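>>> Test case, fold it:
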Amino acid sequence: MIQQKGTDLQYLEDFREGRIKQGLDIGSDLDKYLRFKRGQLNIFMGHDNVGKTYWFTWYALTLAIKHDLKFCVWTGENSSGNVMRDLIQMYVGTSYNEISLDVIRSSYVYLEQYFDFVDNSKLYKPEDLFNVFEGTDADACLIDPFTGLDRDMTHAGNYKFLNQAREFCNRTQKTVYVSSHPNSEAGRAGNIYPEGHEWAGHLKSPLKANIEGGKSFLNRCDDMFTIHRLVSHPTMKFTTMITVEKIKDRTTGGECTNLNEPMYFEFNNGNGFTQGHKDPLKTLRYTTYKANVLNNIRKSSERLEDFGF
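Numbers count the residues shown, from 1 in each chain. Here you go, the predicted structure:
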């Protein structure tokens, strides 16, 4: 089908006059490098056990509350209960075991308006999962991890998935985030910090070329970033490092981080992260907690009666 004449004229005029809308921010230094944009295919990568899902959960929660975005999550390696527990603690800002049952219930009611979870008791083919995503009102969808899908584990199979994902994003204008692991080479001795380095002996962050599945992922995605942590370092194990490796459309915000200059996010005692001692969720907690969570205590009690509580 040929595109209608004049389709791009408004965009060209807006670009000339500086009216291009920027992607959505979270209110931290991250915004210079990474923003949420509709209809994108984005990939993030990291070694196992560095906290990829946890960091992305915090990022998604901040976007959701700040901009009223909805996420649909398929996670093959974490239960929805575990993710929701993290969401509640991040949002309330208190150790989960110190949160009252009333506040847990009311927070659950508040947060589930932003997060849907795909039943992970079955194995999904990519096309089936995209059909599930399309049936929701989500603005963004998470596939975590890509290797957990029932798919053809070949180069051709990777391109088929990426083409399906690209078509889905273009057609629905939902943004898809795909969690991936690096290839085995990224975990070998050649990717260890050398003697004399302050982090000698610890595993380096994978490079974008290390992504499992190869360059096809880099070629087809819009944005790509890595998530890394020195899991065995006595102090740096509490710091998550984000390196932005690709931003396809810089006119709407975002840029790659400089070589060997990742952004640092400090673990905030289970309440998400701070960046430069700033907690983007702090203001959002104050502005929404009383109005939404405390007022939902009555509603959650009524709803949970239906579940036998």
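
>>> got a list of what the nearest residue to residue 94 once chain neighbours are set aside touches?
Closest residue to residue 94 apart from its sequence neighbours, by CB to CB, 6 or more residues apart in numbering: residue 271 at 7.5 Å. C-beta here means a position set from N, CA and C on the backbone, and glycine is covered the same way. Going by CB atoms under 8 Å, 6 or more residues apart in numbering, residue 271 touches 89-90, 93-94, 279, 281.

>>> In helices, which of these appear?
Assigned to helices by DSSP state H, the following of the contacts of residue 271 qualify: 89-90, 281.

>>> Among those, which one lies nearest to residue 79?
Nearest to residue 79 out of the ones in helices among the contacts of residue 271 is residue 89 (CB to CB; 15.4 Å).

>>> Can you name the residues that contact the residue lying closest to the closest one once chain neighbours are set aside?
In this structure, residue 89 finds its nearest non-sequential neighbour in residue 96, 4.5 Å apart by CB to CB, 6+ apart. Taking CB under 8 Å, 6+ apart, we find residue 96 in contact with 85, 88-89, 104, 270.

>>> what about burial for the ones in helices among the contacts of residue 271, which qualify?
The neighbour-count test (16 or more other CB atoms under 10 Å) marks 89-90, 281 as buried among the ones in helices among the contacts of residue 271.

>>> pLDDT averaged over the helix or strand containing residue 131 - what is it?
Counting by DSSP states H and E, the element that carries residue 131 is helix 126-134. On average, the pLDDT along helix 126-134 is 97.

>>> Can you select the buried ones among the contacts of residue 96 for me in ChimeraX?
The following ChimeraX line selects those of the contacts of residue 96 that are buried, judged by 16+ other CB under 10 Å:
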select :85,88,89,104
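
>>> tell me how far the longest strand along the chain is from the chain's mean position?
Ranked by residue count under DSSP state E, the longest strand found in the chain is strand 239-247. The chain centroid and the centroid of strand 239-247 are separated by 12 Å, computed with CA atoms, centre = their mean, to the nearest Å.

>>> just checking, next helix/strand downstream of that strand?
Sequence-wise, the next helix or strand downstream of strand 239-247 (DSSP H and E) is strand 263-267.

>>> What is the following helix or strand past that following strand packed up against?
Going down the chain from strand 263-267, the next helix or strand is strand 273-274, by DSSP H and E. Applying 3 or more CB pairs under 8 Å, 6 or more residues apart in numbering; DSSP states H and E, one finds that strand 273-274 contacts strand 263-267.

>>> could you redo the ones in helices among the contacts of residue 271 as TSV and give each row pLDDT and distance to residue 177?
Shown next, in TSV, are the ones in helices among the contacts of residue 271 (pLDDT from 0 to 100; distance: CB to CB, whole Å):
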residue	pLDDT	distance to residue 177
89	96	22
90	96	18
281	93	19
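
>>> For the residues you listed, give me CSV that also has distance to residue 112.
Formatted as CSV, the ones in helices among the contacts of residue 271 follow (distance: CB to CB, whole Å):
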residue, distance to residue 112
89, 15
90, 15
281, 18
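
>>> and of those, the nearest to residue 44?
Residue 44 lies nearest to residue 90 out of these, by CB to CB, at 18.2 Å.

>>> how near is the residue nearest to residue 94 to residue 113?
In this structure, residue 271 and residue 113 are 21 Å apart, going by CB to CB, to the nearest Å.

>>> Ok, residue 150 next?
30 Å.

>>> Not including adjacent chain positions, what is the nearest residue to residue 265?
Leaving out its chain neighbours, the residue that sits closest to residue 265 by CB to CB, 6+ apart is residue 273, at 4.0 Å.

>>> what residues are up against that neighbour?
Listed by CB under 8 Å, 6+ apart, the contact set of residue 273 reads 55, 58, 240, 265-267, 279.

>>> Now restrict those to buried residues only.
The buried subset of the contacts of residue 273 - by 16+ other CB under 10 Å - is 55, 58, 240, 265, 267, 279.

>>> residues of the helix or strand encompassing the first one that come out buried?
Taking DSSP H and E as the definition, residue 55 sits inside helix 52-67. Applying a neighbour-count criterion of 16+ other CB under 10 Å, one finds 52-66 buried in helix 52-67.

>>> ok, of the contacts of residue 271, which one's closest to residue 131?
The shortest approach to residue 131 among those belongs to residue 90, at 30.2 Å (CB to CB).

>>> nearest spatial neighbour of the closest one, skipping sequence neighbours?
residue 272 is the one closest to residue 90 (CB to CB, 6+ apart), at 4.2 Å.
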